[in-house]
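**Q** I would like the atomic coordinates for the input below:
(2 chains)
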Amino acid sequence: LAKTTQPISMDSYEGQEVNITCSHNNIATNDYITWYQQFPSQGPRFIIQGYKTKVTNEVASLFIPADRKSSTLSLPRVSLSDTAVYYCLVGDIKAAGNKLTFGGGTRVLVKP
Amino acid sequence: KAGVTQTPRYLIKTRGQQVTLSCSPISGHRSVSWYQQTPGQGLQFLFEYFSETQRNKGNFPGRFSGRQFSNSRSEMNVSTLELGDSALYLCASSPVFGRAYEQYFGPGTRLTVT
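**A** Numbering: from 1, shown residues only, chains lettered A, B, ... in the order given. This next block holds a predicted model:
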């Protein structure tokens, strides 16, 4: 499994865009990048997943450069309710028997 | 569609006792995984069940066990509880085996061992 490195914490203000970068230098050819969000005392929630270039859904955007050694989760116009821990995971989503390995995550605090 | 449900949500047990936690996956999901989350160790994989068979196992002692029923509902059991077993236990489901990266988590069961 590719090792991931992401900042421990980030502060932001309501209405701003939050960008969280995850480094994964030893990403393999078959690996995808997946982001989860977790609120206190709740289970993680799948946010977005991508392989290359840019993926966008109703919640976030995921930017992946051509070398795929890093990725950036972008949360547009955050609100107080976006305060959570965000996890970056890298792995082969199609390999049977895979188990999720969560790192420390990035604790995002959105201030009024 | 209803999400993953876990019961009970909160539990207090005494060291040495045993506990059983229950998980009902999203309707139609056949794979259920269990995770332990603690402030010190983060989120750690316990085991995964698919079609009533354990398909994958993490590095936990044999005190931790589980099973899956024909309706895909799952239970996990921890025997001879230790103080270090205090944690948030999360259940996650996915439609088929192998979709580890697109799992849907329940709210968890907060276990406190005193």
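
**Q** Please make it C-alpha for all contacts and neighbour counts, starting now.
**A** Noted.

**Q** So which residues of chain A form strands?
**A** A:9-13, A:18-23, A:32-38, A:45-50, A:53-56, A:61-64, A:70-75, A:84-91, A:106-111 (DSSP state E).

**Q** residue ranges with poor pLDDT in chain B?
**A** Within chain B, the ranges that satisfy pLDDT under 70 run B:1, B:98-100.

**Q** Point out the residues in it that sit beside chain A.
**A** B:42-45, B:55-56, B:88, B:90, B:97-108 (CA under 8 Å from any CA of the partner chain).

**Q** From residue A:5, how far out is residue A:75?
**A** Distance from residue A:75 to residue A:5, counting by CA to CA, to the nearest Å: 19 Å.

**Q** Residue A:111 too?
**A** 25 Å.

**Q** quick one: which of these two has more around it?
**A** residue A:5 (19 against 15; other CA atoms under 10 Å in any protein chain shown).

**Q** can you pull the contacts of that one?
**A** A:22-24, A:103 (CA atoms under 8 Å, 6 or more residues apart in numbering or on different chains).

**Q** give me the beta-bridge partners of it?
**A** Beta-bridge pairing of residue A:5 under DSSP bridges involves residue A:23.

**Q** Alpha carbons of stretch B:63-82, as PDB, please.
**A** Presented in PDB, the C-alpha positions along stretch B:63-82 are these (Å, rounded to 0.1, in the frame of the first residue of the first chain):
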ATOM      1  CA  ARG B  63     -10.400 -12.200  21.600                       C
ATOM      2  CA  PHE B  64     -11.900 -10.300  18.700                       C
ATOM      3  CA  SER B  65     -14.200 -12.400  16.500                       C
ATOM      4  CA  GLY B  66     -17.100 -11.900  14.200                       C
ATOM      5  CA  ARG B  67     -19.700 -13.500  12.100                       C
ATOM      6  CA  GLN B  68     -22.100 -12.700   9.300                       C
ATOM      7  CA  PHE B  69     -25.600 -14.000   8.800                       C
ATOM      8  CA  SER B  70     -27.400 -15.000   5.600                       C
ATOM      9  CA  ASN B  71     -29.200 -11.600   5.500                       C
ATOM     10  CA  SER B  72     -25.700 -10.000   5.600                       C
ATOM     11  CA  ARG B  73     -26.100  -8.600   9.100                       C
ATOM     12  CA  SER B  74     -23.000  -9.000  11.100                       C
ATOM     13  CA  GLU B  75     -21.900  -9.200  14.700                       C
ATOM     14  CA  MET B  76     -18.600  -8.800  16.400                       C
ATOM     15  CA  ASN B  77     -17.700 -10.100  19.700                       C
ATOM     16  CA  VAL B  78     -14.900  -9.200  22.100                       C
ATOM     17  CA  SER B  79     -14.200 -11.600  25.000                       C
ATOM     18  CA  THR B  80     -12.300 -10.900  28.200                       C
ATOM     19  CA  LEU B  81     -12.400  -7.200  27.800                       C
ATOM     20  CA  GLU B  82      -9.300  -5.100  28.600                       C
END
